[in-house]
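Colleague: here's a sequence, model it:
(one chain, ligands or ions: 1)
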Amino acid sequence: MGVRLSDMLISPSHLKHSFEIIVNNFLLLLATPTMALILLRKAAQLGPDEILSHLHGLRQVHAFLAVFLPFAFATLYLMSRPRSVYLVDYSCCRPESSCRVSMASCTENARFSLDDGGHRFMARMLKRSGLGDQTYAHPSLHYIPPHCYLGECRDEAEQVIFAVVDDLFAKTGVSPEAIDILVTNCTAFNPTPSLADMVVNKYKLRADIRSVHISGMGCSAGVISLEVARNLLQAAPRGAHALMVSTENTSLINYTGKNRAMLLPAALFRMGAAAVLLSTSRSESRFRLTHIVRTTTAAQDRAYRCAYQEEDDMGKMGVNLSKELVAVAGDTLQANIVGIGSLVLPPSEKLLFALSFVARKVLGKKIKLYVPDFRTAFQHFCIHCGGRAVIDAVQNSLRLSDENVEPSRVTLHRFGNTSSSSLWYELAYIEAKGRMRRGDQVWMIGFGSGFKCNSAVWQCIRSPGNGDTDIGTPWADSIHMYPLKISEVS
Ligand SMILES: CC(C)(COP(=O)(O)OP(=O)(O)OC[C@H]1O[C@@H](n2cnc3c(N)ncnc32)[C@H](O)[C@@H]1OP(=O)(O)O)[C@@H](O)C(=O)NCCC(=O)NCCSC(=O)CC(=O)O
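Modeller: Next comes the predicted model:
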């Protein structure tokens, strides 16, 4: 059956599209004819002779000022702006295959390490978690019961961190002596000397390096590291390099008590890490960091306690993931999108939001607030894959399509929740699928204990060429399997 033209013109999507064109180009549509009209009227009033005599009357000093002043103002403006920060490249760890854990082996371990109730709960959570059969956990967790001592934790950190940093130096050709700034983050494992010192020692980094380690800041700490690295880079000489390493240690999932909320991390968290090289030099870089917006709701007790490290009644230590976490994440996201929306959304989306806001104030709460369409600003979304329910909640509140959240769901399936490094696995998935184009905008959304929602926005300035064989390396052995219909977990 054919579609009538009149239906097409008044269909909601076409109306919305026309509205966007008019509002987003309002200034241009209004200003260009107005300026043209004013100039034509003035020219008509003066006539050609008078215009020519005005032009002859201009002195050299006028011409000089007309050229020099805009040039001077433009130079001052450019010099006073903070320097742009670029992503040279990044690397994500695919641990050794001996670390791989299948669902069956996780369930089997739970049977021998937990009581009956705990084992049944874990079996159910593992099935429903959205994780697949190829995620990784450090060998210390393959023991029954888990065997997490300082030496094993340090070994896990060294394995993943050295793997990604080796890979990053190899693929960028940047030498360790060229690193001026180092930022590392890991929430659960914080030995002395720190993980930052571990990297300095291994790669013999310079004695004057600015190094920082961030701990206890949860899964959104990767974006916090980014902000710290960006701020330090902007204060460093032009062309300086910052190395950023984000990881989590699976020692945090060795809880073997009876508290369900503390058992949950073992069903979700897995081994992984990412290393990122940033610079203030655009040449050779692949992305430009355009915005970072950080939100914390830690002032509210409910938010503060929803991912909380504690001892249970029997004195066993673990991380308690409250049932309220998903709702808290939704509230924190709402606060974050107000900040990010004002920076990135086109005027049409801002206007619709403002109109719905005013209508709600005037007509009361029965009027729903308009949820801006973030797909008008971003081509790609990297949403922290904290758990199936977290991804579902973000997809619903931002009205995203299944394809928009595909990188998060497949990362959860292939690598599990690798905490602050998960966003980089998602970016690598998008690139491995060949979806990244020059000019594309990427929104990274990190969630983490506190509670925090931190956003980073990247613009692709160089899409991968045919020679870039390293792109999407962590996915090299599995990209052909995805996407699966993993949203339909029974
Ligand atoms: C765990 C799930 C995959 C389970 O999926 P389901 O569809 O089965 O969920 P459901 O709500 O029906 O719950 C099934 C059963 O699990 C129980 N259940 C669910 N969540 C629980 C929790 N937090 N504590 C204790 N029990 C819990 C329910 O009561 C129910 O039990 P019964 O059936 O007996 O009534 C999902 O709920 C999920 O993804 N939750 C979010 C996980 C999360 O908090 N991720 C953030 C990690 S922290 C992070 O990433 C950041 C950071 O740490 O910084």
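Colleague: from now on I want contacts and neighbour counts done on CA atoms only, so please keep to that.
Modeller: Fine.
Colleague: residue 189 is in what secondary structure piece?
Modeller: Element membership of residue 189 [criterion: DSSP states H and E] is none; it lies in no helix or strand.
Colleague: once you drop chain neighbours, what's closest to it?
Modeller: residue 249 (6.0 Å; Cα to Cα, 6 or more residues apart in numbering).
Colleague: these two touch, right, the one you found and residue 158?
Modeller: No: assessed by Cα atoms under 8 Å, residue 249 is found out of contact with residue 158, at 10.4 Å.
Colleague: more neighbours: those two, which one.
Modeller: Under the criterion of other Cα atoms under 10 Å, the comparison of residue 249 against residue 158 puts residue 249 first, with 27 against 15.
Colleague: can you pull the contacts of that one?
Modeller: Under the criterion of Cα atoms under 8 Å, 6 or more residues apart in numbering, the contact partners of residue 249 comprise 153, 156-157, 186-189, 271.
Colleague: let's see which of those end up in helices.
Modeller: 153, 156-157 (DSSP state H).
Colleague: how about these in a markdown table, adding pLDDT, distance to residue 85 and neighbour count?
Modeller: Compiled in a markdown table, the ones in helices among the contacts of residue 249 are given as follows (pLDDT from 0 to 100; distance: Cα to Cα, whole Å; neighbours: other Cα atoms under 10 Å):
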| residue | pLDDT | distance to residue 85 | neighbour count |
| --- | --- | --- | --- |
| 153 | 93 | 33 | 22 |
| 156 | 95 | 31 | 22 |
| 157 | 96 | 28 | 24 |
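Colleague: would you reformat the contacts of residue 249 as CSV and include distance to the ligand?
Modeller: As requested, those are exported to CSV (distance: Cα to the nearest ligand atom, whole Å):
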residue, distance to the ligand
153, 18
156, 19
157, 18
186, 10
187, 8
188, 10
189, 13
271, 13
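Colleague: returning to that earlier point: state the distance from the residue nearest to residue 189 to residue 160.
Modeller: In this view, residue 249 and residue 160 are 10 Å apart by Cα to Cα, to the nearest Å.
Colleague: okay, now the unreliable bits of the stretch 201-350 of the chain?
Modeller: 252 (pLDDT under 70).
Colleague: kindly report the residues of it close to the ligand.
Modeller: Counting by Cα under 6 Å from any ligand atom, the residues of the stretch 201-350 of the chain close to the ligand are 218-219, 260-261, 307, 321-323, 325.
Colleague: swap in the stretch 1-150 of the chain?
Modeller: Where proximity means Cα under 6 Å from any ligand atom, the interface of the stretch 1-150 of the chain facing the ligand comprises 125, 128-129.
Colleague: rerun at 5 Å
Modeller: Those residues of the stretch 1-150 of the chain that sit near the ligand, judged by Cα under 5 Å from any ligand atom, are residue 129.
Colleague: find the nearest non-adjacent residue to the residue in the stretch 1-150 of the chain that the ligand sits nearest to, please.
Modeller: Here the stretch 1-150 of the chain gets closest to the ligand at one residue, residue 129, 3.8 Å apart by Cα to the nearest ligand atom. In space, and not counting its chain neighbours, residue 129 is closest to residue 388: 6.1 Å by Cα to Cα, 6+ apart.
Colleague: neighbours around that neighbour, how many?
Modeller: The criterion is other Cα under 10 Å. On that basis, residue 388 has 20 neighbouring residues.
Colleague: measure it to the ligand for me?
Modeller: Here the distance between residue 388 and the ligand works out to 4 Å (Cα to the nearest ligand atom, to the nearest Å).
Colleague: with residue 438 instead?
Modeller: Distance of residue 438 to the ligand, given as Cα to the nearest ligand atom: 31 Å.
Colleague: ok, now which ones touch that residue?
Modeller: Contacts for residue 438 were tallied using Cα under 8 Å, 6+ apart; they are 459-463.
Colleague: pLDDT value on it, please?
Modeller: As summarised for this prediction, residue 438 has a pLDDT of 95.
Colleague: name whatever forms a beta bridge with the closest residue to the ligand within the stretch 351-490 of the chain.
Modeller: Taking Cα to the nearest ligand atom as the measure, the stretch 351-490 of the chain has residue 448 as its residue closest to the ligand, at 3.2 Å. Here residue 448 sits in beta bridges with residue 452, going by DSSP bridges.
Colleague: which ones are touching it?
Modeller: By Cα under 8 Å, 6+ apart, the contact set of residue 448 is 217-221, 307.
Colleague: in TSV, list those residues along with secondary structure and neighbour count.
Modeller: As requested, the contacts of residue 448 are exported to TSV (DSSP: H, G, I helix; E, B strand; the rest coil; neighbours: other Cα atoms under 10 Å):
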residue	secondary structure	neighbour count
217	coil	19
218	helix	23
219	helix	33
220	helix	28
221	helix	29
307	strand	23
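Colleague: show me which pair in those residues is furthest apart.
Modeller: 221 and 307 (14.0 Å; Cα to Cα).
Colleague: which residues does residue 390 contact?
Modeller: Listed by Cα under 8 Å, 6+ apart, the contact set of residue 390 reads 326, 329.
Colleague: quick one: it from residue 453, how far?
Modeller: Counting by Cα to Cα, the gap from residue 390 to residue 453 is 12 Å.
Colleague: between these two, what contacts are shared?
Modeller: residue 329.
Colleague: number of residues surrounding residue 484?
Modeller: The tally of other residues near residue 484 (other Cα under 10 Å) stands at 11.
Colleague: I am finished for the moment; much appreciated.
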